[in-house]
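Asker: predicted model follows, preceded by the sequence.
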Amino acid sequence: MATSSVFTLTPLARLTTLKKPTLTTIKCMSTPQDNSTDATKPSSAVPTPPSMSATPTPPPPPRSPKVSTKFSDVLAFSGPAPERINGRLAMIGFVSALAVELSSGQDVLTQISNGGLNVFVGTSVVLTLASLVPLFKGVSVQSKSSGLMTSDAEMWNGRAAMLGLLALAFTEFVTGSALV
């Protein structure tokens, strides 16, 4: 048999203000428990409600949205792969171009003509395959991003590197010499 009690509380903080106090109602329900120690009665005679069990079950993990693994969806113009792969290549290319320019003094066009094109194509193939494998397995880009290394930060860094590489090549073309 369940008993029910109703209490009405008026917070002290609300009494001190000039506003009309509102009433808060709290409803308490309790179930009687048999505390007798009868040896003939099994201890499991009083069932424990499921919400009062000793070991609560954890909630199921949130489901990630289904990601399309179709080739046409992954490589679509607004799909997850094109800008991400181009951004990653631009980040590697920009840092590499500046490092070679600082060490040898060659501009970007000289670097490309001195065997840099073969290195670029090889890097592009490896990076593209490494970027596409998780996408074709159905792993979303957002599911692996957390903290400081988010998917949005990678996109913005890639865009900045694309602009930086273009600005570096344009500046060297206009001046006719290496930037550094």
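Answerer: Sure thing, it's come through.

Asker: now for Q111: which residues touch it?
Answerer: Each residue near Q111 by CB atoms under 8 Å, 6 or more residues apart in numbering is listed here: 97, 100-101. Placement of C-beta: from N, CA and C, glycine included.

Asker: now the longest helix along the chain: average pLDDT?
Answerer: In the chain, with assignment by DSSP state H, the single longest helix is helix 151-175. For helix 151-175, the mean per-residue pLDDT is 91.

Asker: could you do stretch 106-122 as well?
Answerer: Mean predicted lDDT for stretch 106-122 stands at 86.

Asker: quick one: buried residues of that stretch?
Answerer: By neighbour count with 16 or more other CB atoms under 10 Å, stretch 106-122 contains the buried residues 106-108, 111-112, 116, 120.

Asker: distance between the ends of it?
Answerer: Taking CA to CA, to the nearest Å, stretch 106-122 runs 21 Å from one end to the other.

Asker: repeat that for stretch 169-180.
Answerer: OK, stretch 169-180 end separation, CA to CA: 12 Å.

Asker: and that stretch, which residues are buried?
Answerer: 169, 172, 178-179.

Asker: among those residues, which two are most distant?
Answerer: Distance extremes for those: the farthest pair is A169 and A178 at 11.3 Å, using CB to CB.

Asker: what's near enough to touch T110?
Answerer: A178.

Asker: helix, strand or coil for it?
Answerer: helix (DSSP: H, G, I helix; E, B strand; the rest coil).

Asker: which pair of the buried residues of stretch 106-122 spans the longest distance?
Answerer: D107 and F120, at 15.3 Å, using CB to CB across the buried residues of stretch 106-122.

Asker: can you count the residues close to G158?
Answerer: Neighbouring residues of G158 were enumerated by other CB atoms under 10 Å; the total is 20.

Asker: show the contacting residues for it.
Answerer: Contacts of G158 (CB under 8 Å, 6+ apart): 83-84, 86-88, 90-91.

Asker: name the nearest residue to it, sequence neighbours excluded.
Answerer: Leaving aside its sequence neighbours, G158 sits nearest to G87 (CB to CB, 6 or more residues apart in numbering; 1.7 Å).
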